[in-house]
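# Just the structure for this:
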Amino acid sequence: ERRQRGRVDRHTAVFPRQVAVELAVAERDDLRRQQFGLVAVDELVLPSVGKLAGQINVAEDAGAITKGADSAMSVTTKEAMGPGYGTGSRGITHSASFICPNYVANWNGNTLMWEGIPVTVTYDTAGGNAISAFTGKYGEAFIPPIPTRIGYVFDGWFLSDGTTQWTDGTELPANDFTLTAHWHAGQVNYTVKHHFEKLEAGQYDVESETLNGTTLTQTVAVARTDAGFAPQSFSQKTIAADGSTVVDIYYTRLSYNVTWDTNGGALSSSGHDAGAVKFGKTIVKPSNNPTMTGYTFKGWQGYAENMKMPASDVTFTAQWAANEYTVTFNAGEGTCATESATVKYNSALGELPVPNRTGYTFKGWFDGDTQYTAGSIVKFTSNITLTARWEANTYTVTFDADGGECDKASKTVTYDALYGELPEEAWRHI
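You can find the predicted model right below:
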């Protein structure tokens with residue numbers, strides 16, 4: 001401060017950190033310098049050579065201090081003569097140099113403000129999002145922003161040597177510099193599309209699944225083993241960081257054989273499915289039913305209406321039911337307790353009734369000249385009448401001449417037939 005004609009003017013210099021101070025005395029001795037020198041606000045006297053931080057009071061005549069690149073300043077103070085020196089006009093000039101590298105100063109009213117020189121930080125995000133350059137001030141604590149990069153994990157900011165990592169809160173240096181982002185590959189989703197061939201050629205049903213892998217590594221897609229389909233060859237892909245990777249797997253719809261087994265019958269039909277038929281197709285059955293003599297068709301074993309082709313060969317077998325026929329028994333002039341019987345085609349007739357007729361012997365059941373027995377296999381395809389065949393019995397007639405004699409002692413005769421010629425003469429000896 002300067003005391004002159006009862007007026008005191010005060011200037012204050014504010015320092016952001018410790019600065020070197022060199023104080024030169026133009027006249028007098030150290031005692032004078034201590035008595036009339038610059039003093040800190042806490043009333044401590046500045047050392048001749050040392051460091052200080054905070055603020056100090058300087059004289060009014062501080063010289064032309066402007067903001068600029070020069071980081072040093074000189075302040076000259078003219079002091080009135082202190083106690084013991086009377087009231088003469090002789091003054092003491094103190095010159096103080098405040099050396100503060102990388103700072104610039106400017107007066108704001110009566111306050112000399114020091115601030116760090118501008119420092120520009122540029123960012124190389126190495127594939128991440130763009131970040132505008134930052135301009136701060138030397139000595140400021142600096143925390144850079146966190147970049148983003150799809151498919152990668154941020155490892156930190158590194159200086160140009162590639163090995164020194166920036167620590168949040170580190171003070172900005174006195175020079176512009178670039179921070180480079182370091183990354184490592186992260187986990188990314190990718191899509192596997194399964195294309196299953198439709199019944200119509202060239203068309204597909206698509207089912208998707210989401211898998212996960214490390215950026216820039218190979219996918220690990222696996223073909224499915226769905227029944228009725230065979231996967232085609234495919235290639236794995238490199239996993240893109242943006243999750244856009246798609247692996248396409250195509251599947252061929254397989255065909256299997258259809259067989260219609262008539263099981264002894266005959267089939268006359270067209271337009272039905274036979275041989276190779278694609279999986280999942282609706283199976284078309286024969287439009288006409290098969291036929292077989294003596295049997296009625298009862299359907300295809302294993303087949304259902306509108307059924308789909310399975311993932312295997314299939315055989316449909318004709319089912320048959322033997323027809324039934326009525327056998328009527330005609331005993332002729334005889335009698336029969338059973339009038340008729342029901343029999344099945346291709347089966348044995350079974351036990352047959354035995355009719356009765358007086359004077360006759362039953363010789364069997366006949367259809368024309370064909371005789372049927374219990375073991376006969378039914379091969380007729382309509383109702384039938386079996387007629388009993390009879391054979392007249394024969395008997396022996398003995399002639400008794402009652403003591404006389406005749407030329408024939410006996411004769412064989414047939415039931416229901418004439419006796420025929422009888423002995424004409426008979427005699428008796430007297």
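
# I'd like the distance between Phe177 and Tyr123.
As judged by CB to CB, to the nearest Å, Phe177 and Tyr123 stand 11 Å apart. Just so you know, the C-beta spots here come from the backbone N, C-alpha and C atoms, and that holds for glycine as well.

# Which one's more surrounded, those two?
More crowded of Phe177 and Tyr123, by other CB atoms under 10 Å: Tyr123, with 20 against 13.

# And the contacts of the one helix or strand the more buried one maps to?
Using DSSP states H and E, Tyr123 maps to strand 118-124. Here strand 118-124 makes contact (CB atoms under 8 Å, 6 or more residues apart in numbering) with 131, 133-138, 142, 144, 147, 157, 172-181.

# What count of nearby residues applies to Asp402?
Asp402 has 8 neighbours, counted by other CB under 10 Å.

# Quick check, Thr387 in contact with Gly364.
No. Look at Thr387 against Gly364 with CB atoms under 8 Å: they stay out of range, at 9.7 Å.

# and the end-to-end length of stretch 146-158?
One end of stretch 146-158 to the other measures 12 Å (CA to CA, to the nearest Å).

# for that stretch, the distance to its chain's centre please.
Relative to its parent chain, stretch 146-158 has a centroid offset of 30 Å by CA atoms, centre = their mean, to the nearest Å.

# pLDDT (mean, whole number) over that stretch?
For stretch 146-158, the mean pLDDT works out to 96.

# Not counting it itself, show me its contacts.
Stretch 146-158 has contacts (CB under 8 Å, 6+ apart) with 123, 125-129, 131, 144, 164-166, 179-186, 188, 215, 239-243.

# Same check on stretch 215-229?
With CB under 8 Å, 6+ apart, stretch 215-229 has contacts from 151-152, 185-188, 190, 192, 194, 196-197, 211, 213, 231, 234, 236-241, 245, 247, 249, 251-254, 279-280, 310-311.

# Tell me the buried residues within those.
151-152, 188, 190, 192, 194, 196-197, 211, 213, 231, 239, 241, 245, 247, 249, 251, 253-254, 279-280 (16 or more other CB atoms under 10 Å).

# so the residue nearest to Ser382 when sequence neighbours are not counted bridges to which residues?
Residue nearest to Ser382 in three dimensions, not counting chain neighbours: Tyr325, with 6.5 Å by CB to CB, 6 or more residues apart in numbering. For Tyr325, the beta-bridge partners are Val343 (DSSP bridges).

# from what I can see Tyr325 touches Lys379, true?
No. The pair Tyr325 and Lys379 does not pass the contact test of CB under 8 Å, sitting 10.3 Å apart.

# Between the two, which contacts overlap?
By CB under 8 Å, 6+ apart, Tyr325 and Lys379 have these common neighbours: Tyr345.

# Next, count neighbours for the residue nearest to Met307 when sequence neighbours are not counted.
Closest residue to Met307 apart from its sequence neighbours, by CB to CB, 6+ apart: Ile283 at 5.6 Å. Neighbour count of Ile283, defined by other CB under 10 Å: 20.
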